[in-house]
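S.K.: Predicted model, plus sequence, below.
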Amino acid sequence: MATNQTYRNDRTSVDEALLDGAGPVPDAAALPSLLLQLKLSGISVCGIRLECATAPGFAWFPQSTMSPAQAGVVARSFAASDDGAQTLIVVVALQPTAGMDRVGDEVTPIVMAEGAPSRLFPTNGPMHALTSDTTRYPGLVANVDVAPTILSFFHVPIPSSMSGSPMRVARAPAPFTLDRRQIQYRAIRTPLQVTEGILVSAAGIAVILGLVALDRRGRISKRASLAWRSLILLVVALPIPLALGGLLPSFTYATVTAWVVLWAVLLAGLALVVRRDDPMFALTFLGIVGLVALFADLLIGAHGLRIPLLGGTMFEGVRMYGLPNAFISTLLASGLFCAVRLDTARGTILLAGCGLVAGLPQLGADVGASITLFAAAGLWWQLRSRGRLGIRELVVAFLVTVAGLAVVLLVSRFGTSAPTHATRFVERTGSSPSSALAEIGHRLWVGVHQIATYPVSLIPLIGLPAMLWVAVRRPGVVGRGVAGAPAWRDVAIVVALAAAVAYIANDTGMAAAAPALLYGIAAIAYPAFTFACRPAPSERPDREREASAA
C-alpha cells in the first residue's frame, strides 16, 4: 500500500488520509470522513473495544502497537461474532516499521478478506494481489483506497472529495516480487538521481559556455561542431530511457547504468547518421523516437512510466498511472521537434493530438499535461501563422487550450466508468469558480513550497525566462544559427511559454516545468553549433564562388 510521500512520515496526516480517503488539505473540516459518511447512511459505527462490535455495522480498531498475531486474533474474534453476515476485514499497517526503514521499504502491507466469516480464514490456499482504479496495477493500492472500499461494501456513495477508489482482488499472486523491485529501486534512487542531475547540469553549463566562446570566435571546426552537437543529442536522448525504467527486470547499478548509457548513446548516434545532408533532422529523429516510446508505453499500460528513473514512481503514492509530470516536457519537446517539419496546420494538429493522449483517462490521464500540450498547440499555431505573439494571438491560444481541455474532461466524465484524476478534478472544482481558483492557488502554493524546500529549483525558474529572452532577441551566435534554421527559434519560444503553463497547471510545480529548459537550450544551441562551422559567403574559396555563379 503506497502513501503519498509528502505526508508519509506524519502520523496524524496518515490517520486522517485513511479516514478521509484523500490526502491532507488546508481545510480538513471540509472533507466528510468515512465515519461520518457511514453514520449519515444509518450504519452503526464503533471502535476501540471489540465488545461494541456485536451489532451489524462497522467496527474500527486503531491499534498502533498491535502485532500481526494480535491483529489475527482480533480479526477472527470479530468475524466469529456474527457467522451469518457477509464480512469485510481490512488489516492495514499505516507506516513502515524500523526493520522496513533499515532496508528502505516504504510501502506498507495491507490484507483484505471478504465473504462469509466461516470461509474467511482457510488453513491453506493461494493469496492474491489487490488492485484499484487508483493504481491500475496488480499488487499495489493506495492508502486513500481504504475508505472508498468500506463505503462501497456498505453500498454508500463515494463522495467526490475522496481521491481513492475501492480495492478489489486481482488475478495475480501476492506481490512479493513487486515489493523486492521497490526495495531495489529505493536502494539506488538517490545516487542515481544525483548523478543524473550532475551530468545534465554539467552538460547544460558546458553548452552555455560553449555558446559564449563561439560568439567570441565566430567559427569552429567541423570536428568541434560534431562534438558539441553529439553532446546536445546525448542530453536530449537521455530522458527517453529514464522514462521507461519500469521495463528493467531489476534495479541494480549495473543494469540501470547499462540501460541508460546504451540507449542514450545509440539514439544519439542514430540521430547523427540519419539524413546527414540535413543536420537539423537529428533533433526531429529524437522527437519521433520520444513520441513513439511514450505513446507505445501508454498504450500497453504505462509499465515503463510507472517506475521512471527520474523519480515520481507509483510507489510514491503521487502518480499511480499514466504520464508522470516529470516527463510532460519530454512529450512537449518531442511533439514540437516533429511539428517543426510539418506545415502549420499539421503541426498544430500533432500537438493537439499529444494533448489528447496526455489527458485521456485510459492513456496519460494527466489533466495538467493536457493543458500544457493544448497551450503549446495554440501558441505554435499563432506563432507560425502570424509570426508574433501579441494579445490577440495569446487569446486565440487560450481558447484552443480551453477547447482541448473541454474534450478531455467530457471524455473523462462520460467516456469511462472508472473515476480518474480528471473526473475528481471536475467534481471538486466544477461547482463554483471559487473552487477552481482555490485549486489553482493550492498548486501555486506547492510550487512556492518546492522552491523554499529546494532552492536549487530556482535555477530553471530563472533559466526559462532567460532562454526565452535569448530566443526572442537572437543575440550574436544564436542569431546566426537561427538564420540557418528559423523554425527552431519558434520551438524554443513555445517550449518556454508552455513550461510556464505547466508550472501553474500541475500540482508538482517545478518538477513539471524544469525539464523544459533542457529542450529549449537544445533548440537554440544545436543550430548555432551546426551552422557555425560553415564559412560565410564572403569567406568561401574563389573556386566555390565561381561554381556557385556558374
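M.R.: Good, I have the coordinates.
S.K.: Run through the residues that contact V156.
M.R.: 37-38, 41, 43 (C-beta atoms under 8 Å, 6 or more residues apart in numbering). Heads up, the C-betas are built off the backbone N, CA and C, glycines and all.
S.K.: and it, that's in a strand?
M.R.: No - secondary structure of V156 (DSSP: H, G, I helix; E, B strand; the rest coil): coil, not part of a strand.
S.K.: The lengthiest helix in the chain - contacts with which helices or strands?
M.R.: For the chain, the helix that runs over the most residues, judged by DSSP state H, is helix 176-217. On a contact count with 3 or more C-beta pairs under 8 Å, 6 or more residues apart in numbering; DSSP states H and E, helix 176-217 meets helix 222-237, helix 253-273, helix 476-484, helix 516-531.
S.K.: can you pull the contacts of the spatially most central residue of the chain?
M.R.: Centrality entry for the chain: nearest residue to the mean C-alpha point is P324, 1.3 Å, by C-alpha atoms, centre = their mean. Contacts for P324 were tallied using C-beta under 8 Å, 6+ apart; they are 243, 305, 308, 310, 312.
S.K.: Distance check, the residue nearest to the second one when sequence neighbours are not counted against P324.
M.R.: Okay, so that is L305. Sequence neighbours aside, D297 is the residue nearest to L305 in space, at 5.5 Å (criterion: C-beta to C-beta, 6 or more residues apart in numbering). D297 sits at a distance of 11 Å from P324 (criterion: C-beta to C-beta, to the nearest Å).
S.K.: re the thing from before, check which helix or strand the residue nearest to L305 maps to.
M.R.: D297 is part of helix 281-299 when elements are defined by DSSP states H and E.
S.K.: wait, isn't P239 in contact with A514?
M.R.: No - the pair P239 / A514 is not scored as a contact, 12.0 Å apart, by C-beta atoms under 8 Å.
S.K.: more neighbours, the two?
M.R.: Between P239 and A514, P239 has the larger neighbour count (other C-beta atoms under 10 Å), namely 28 against 23.
S.K.: Could you pull up the residues touching the nearest residue to the more buried one once chain neighbours are set aside?
M.R.: Spatial nearest neighbour of P239, excluding adjacent residues (C-beta to C-beta, 6+ apart): T330 at 4.8 Å. Contact partners of T330, counting by C-beta under 8 Å, 6+ apart, are 239-240, 243, 290, 294, 515.
S.K.: Please apply the same query to L214.
M.R.: Neighbouring residues of L214 by C-beta under 8 Å, 6+ apart: 220, 477, 528-529, 532.
S.K.: ok, so of the contacts of V156, who is nearest T372?
M.R.: The closest of these to T372 turns out to be Q37 (C-beta to C-beta; 35.2 Å).
S.K.: who's in contact with the one helix or strand the closest one maps to?
M.R.: Q37 is located in helix 34-40, with elements delineated by DSSP H and E. Helix 34-40 is contacted from outside by 19-21, 32, 45, 57-58, 60, 147, 150-151, 154, 156, 159, using C-beta under 8 Å, 6+ apart.
S.K.: Equivalent analysis for stretch 462-477, please.
M.R.: Residues outside stretch 462-477 that contact it (C-beta under 8 Å, 6+ apart) are 211, 214-215, 218, 478, 482, 489, 492-493, 496-497, 499-500, 513, 516-517, 520-521, 523-524, 528, 532.
S.K.: And the contacts of V156, which is closest to T252?
M.R.: So of those, ranked by how close each gets to T252 (C-beta to C-beta), first place is Q37, at 45.5 Å.
S.K.: Write the PyMOL selection for whichever of the contacts of L214 are buried.
M.R.: To isolate the buried members of the contacts of L214 in PyMOL, using 16 or more other C-beta atoms under 10 Å:
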select buried, resi 220+477+528+529+532
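S.K.: on that earlier part again, out of the helices and strands packed on helix 176-217, deepest packed?
M.R.: When these are scored by mean count of other C-beta atoms under 10 Å, the highest mean neighbour count falls to helix 516-531 (a mean of 26).
S.K.: From the contact counts, what lies against that one?
M.R.: Counting contacts by 3+ C-beta pairs under 8 Å, 6+ apart, helix 516-531 packs against helix 176-217, helix 222-237, helix 281-299, helix 328-339, helix 458-473, helix 476-484, helix 487-505.
S.K.: got the buried residues for the fifth one?
M.R.: Read it as helix 458-473. Applying 16+ other C-beta under 10 Å to helix 458-473 flags 460-461, 463-464, 467-468, 470-471 as buried.
S.K.: Output the residues you listed as TSV; include the columns distance to A254 and pLDDT.
M.R.: What follows is the buried residues of helix 458-473, written out as TSV (distance: C-beta to C-beta, whole Å; pLDDT from 0 to 100):
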residue	distance to A254	pLDDT
P460	31	76
L461	36	78
G463	33	85
L464	36	87
M467	36	88
L468	40	88
V470	40	87
A471	40	86
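S.K.: Pull the most distant pair out of those residues.
M.R.: Using C-beta to C-beta, the two most remote members of those are L461 and A471, lying 17.0 Å apart.
S.K.: Are we agreed that E114 is in a strand?
M.R.: Yes - with three-state DSSP as the criterion, E114 is part of a strand.
S.K.: Return the distance of it relative to L34.
M.R.: Counting by C-beta to C-beta, the gap from E114 to L34 is 17 Å.
S.K.: Compare neighbour counts for these two and give me the winner.
M.R.: Neighbour count, other C-beta under 10 Å: between E114 and L34, L34 has more, with 23 against 16.
S.K.: What does the pLDDT read for the more buried one?
M.R.: pLDDT, L34: 83.
S.K.: Please report how far it lies from L40.
M.R.: According to C-beta to C-beta, L34 and L40 sit 11 Å apart.
S.K.: again with A511
M.R.: 38 Å.
S.K.: And those two? Which one has more around it.
M.R.: A511 (24 against 10).
S.K.: Could you look up the SS state of the more buried one?
M.R.: Strictly by three-state DSSP, A511 counts as helix.
S.K.: circling back: including distance to W380 and pLDDT, could the contacts of L214 go into a markdown table?
M.R.: Conversion of these to a markdown table gives the following (distance: C-beta to C-beta, whole Å; pLDDT from 0 to 100):
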| residue | distance to W380 | pLDDT |
| --- | --- | --- |
| I220 | 31 | 84 |
| V477 | 25 | 77 |
| A528 | 22 | 89 |
| F529 | 24 | 89 |
| A532 | 27 | 76 |
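S.K.: Name the nearest of the contacts of L214 relative to R275.
M.R.: F529 (17.5 Å).
S.K.: can you tell me which residues contact the residue nearest to that closest one when sequence neighbours are not counted?
M.R.: Using C-beta to C-beta, 6+ apart and skipping residues adjacent in sequence, the residue nearest F529 is W228, 4.1 Å away. Residues in contact with W228 (C-beta under 8 Å, 6+ apart) are 207, 210, 220, 525, 529.
S.K.: Pretty sure the fourth one sits against V207.
M.R.: Yes - using C-beta under 8 Å as the test, A525 is close enough to V207 to be in contact (5.1 Å).
S.K.: what residues do those two have in common as contacts?
M.R.: Common contacts of A525 and V207 (C-beta under 8 Å, 6+ apart): 228, 232.
S.K.: what's the closest of the contacts of helix 34-40 to L394?
M.R.: If you rank the contacts of helix 34-40 by distance to L394 using C-beta to C-beta, P159 comes first, at 37.7 Å.
S.K.: So what does that closest one look like in phi/psi?
M.R.: According to degrees, to the nearest 10, the main-chain angles of P159 amount to phi -70, psi 150.
S.K.: That concludes my questions; thank you for your assistance.
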